[in-house]
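S.K.: Structure of the sequence below:
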Amino acid sequence: MPDPRRRQGRRYQLGALLALCTIAVLAGATTLAAVARHAAYLPEEIHDRLGLRAAPRATTLGRVLARL
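M.R.: Next up is the predicted model:
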């Protein structure tokens, strides 16, 4: 899937964000705020495996998903 974002300002890999959203939704998250909260409380090992340095905010997730 092509990344619709501009090169400038990318801080997260698209695949990592989509995987994070999938994990959160499978765990019961129904809003972007819930997805972001779930991401914040994931174990550090999961963040490392996804290649995330920090949990993205709900606004970041919303912008990425809207552009897709």
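S.K.: Return the residues in contact with Leu17.
M.R.: 56, 60-61, 64 (C-beta atoms under 8 Å, 6 or more residues apart in numbering). Every C-beta, even on glycine, is put in place using the N, C-alpha and C of the backbone.
S.K.: out of those residues, who's nearest Gly15?
M.R.: Val64 (11.2 Å; C-beta to C-beta).
S.K.: That closest one: which element?
M.R.: Per DSSP states H and E: Val64 is located in helix 58-67.
S.K.: Kindly provide the whole-number mean pLDDT of that helix.
M.R.: For helix 58-67, mean pLDDT is 91.
S.K.: Could I get the CA-only coordinates of that helix as CSV?
M.R.: Listed in CSV are the C-alpha atoms of helix 58-67, where the atom choice follows Å, rounded to 0.1, in the frame of the first residue of the first chain:
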residue,chain,number,x,y,z
ALA,A,58,-4.8,10.2,18.5
THR,A,59,-4.4,13.2,16.2
THR,A,60,-1.5,11.5,14.4
LEU,A,61,-3.5,8.3,14.0
GLY,A,62,-6.5,10.3,12.7
ARG,A,63,-4.5,12.2,10.1
VAL,A,64,-2.9,9.0,8.8
LEU,A,65,-6.1,7.0,8.6
ALA,A,66,-8.0,9.9,7.0
ARG,A,67,-5.4,10.1,4.2
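S.K.: Please list only the buried members of the contacts of Leu17.
M.R.: Taking 16 or more other C-beta atoms under 10 Å as the criterion, what is buried in the contacts of Leu17 is 56, 61, 64.
S.K.: How about the contacts made by the first one?
M.R.: Read that as Pro56. Shown in contact with Pro56 (C-beta under 8 Å, 6+ apart): 11-12, 17, 20, 36, 39.
S.K.: And the next helix or strand past the longest helix seen in the chain?
M.R.: Assignment by DSSP state H gives helix 14-26 as the longest helix of the chain. Downstream of helix 14-26, the first helix or strand assigned by DSSP H and E is helix 32-40.
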